[in-house]
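Asker: Got a predicted structure here, sequence first:
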Amino acid sequence: MRRIVKVVAVSAVILFSVDFFGCRLPSSGPFPIVISSETLTLEWDPPVEELPPSPFGASAYRVYFRHHNTATWTLCGTVAATLNPQVVLQHSEFGNGSFDFAISTVSGIDQESLLLTSLNPSDSLNEGWYITWIRTD
C-alpha cells in the first residue's frame with residue numbers, strides 16, 4: 001500500500017507524492033516545510049500492513065514527535081483507527097522549532113507497529129521531511 005501523508009496548515013495542503021504537484025523536489029533531503037499557522041493537521045493512509053499480527057486488528061494510531069535531529073520520540077496523541085485518520089496539532093503545545101513526526105498502528109491487544117517517520121516515509125517521498133513551525137504573535 002502506498003502511504004501518502006498530507007500536512008494541512010491554514011488553507012494550504014501539501015501532498016507528499018513523487019512529483020509534488022509537478023514541481024521538482026530538492027535533490028536531497030530531508031527538506032523542511034515551514035509553516036506559521038496556529039494549527040497543523042497531519043493525515044495519513046493507514047499503515048495496516050505493518051500491524052503486528054493480532055486477531056483484533058487495528059484499534060488506534062499513535063502520533064509521536066521529536067525535535068528535529070534528536071533521538072527521543074514523545075507521544076503527542078492517540079487517534080482511533082479509521083479509514084481517514086488525522087490529528088490536529090496546536091502550536092501552543094509545541095512552540096517554535098523544527099519537528100519530526102511519526103505514526104504507529106496499535107492493535108486491539110495493545111501491540112504497536114514500528115514507527116513510520118516523516119524522515120523515512122516509505123515510497124511517498126524517499127528523502128523525507130520535517131516541519132519548521134514559526135509563529136511571531
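Answerer: Received the coordinates, thanks. These figures come from a predicted structure and were not determined experimentally.

Asker: Just the pLDDT at Val18, thanks.
Answerer: pLDDT for Val18: 32.

Asker: need the contact list for Thr72.
Answerer: Counting by Cβ atoms under 8 Å, 6 or more residues apart in numbering, Thr72 touches Arg66. Where you see a C-beta, it was placed from the backbone N, CA and C, and this is true even at glycine.

Asker: pLDDT at it, what is it?
Answerer: 95.

Asker: With the one 4 residues further on instead?
Answerer: At Cys76, the pLDDT value in this model is 93.

Asker: Once you drop chain neighbours, what's closest to it?
Answerer: Take Cys76 and drop its neighbours on the chain: the residue closest to it by Cβ to Cβ, 6 or more residues apart in numbering is Phe65, 5.0 Å away.

Asker: Quick one: neighbours of the one you found, just the number.
Answerer: 22 (other Cβ atoms under 10 Å).

Asker: Now the element after the host helix or strand of it, going C-ward?
Answerer: Secondary structure assignment for Phe65, by DSSP states H and E: strand 58-67. Per DSSP H and E, strand 58-67 leads on to strand 74-80 as the next helix or strand towards the C-terminus.

Asker: How are the helices of this structure distributed by residue range?
Answerer: Secondary structure of the chain (DSSP state H): helices at 91-94.

Asker: For it, which residues score under the pLDDT cut-off?
Answerer: 1-29, 47-56, 121-126 (pLDDT under 70).

Asker: make it 50
Answerer: Counting by pLDDT under 50, the chain contains low-confidence residues at 1-6, 8-25, 50-51, 54, 123-125.

Asker: Strands of that one, start to end?
Answerer: For the chain, the strands defined by DSSP state E cover 5-9, 12-15, 31-35, 39-44, 58-67, 74-80, 86-90, 97-107, 116-117, 129-133.

Asker: so what secondary structure elements neighbour the last one?
Answerer: This points to strand 129-133. strand 31-35, strand 97-107 (3 or more Cβ pairs under 8 Å, 6 or more residues apart in numbering; DSSP states H and E).
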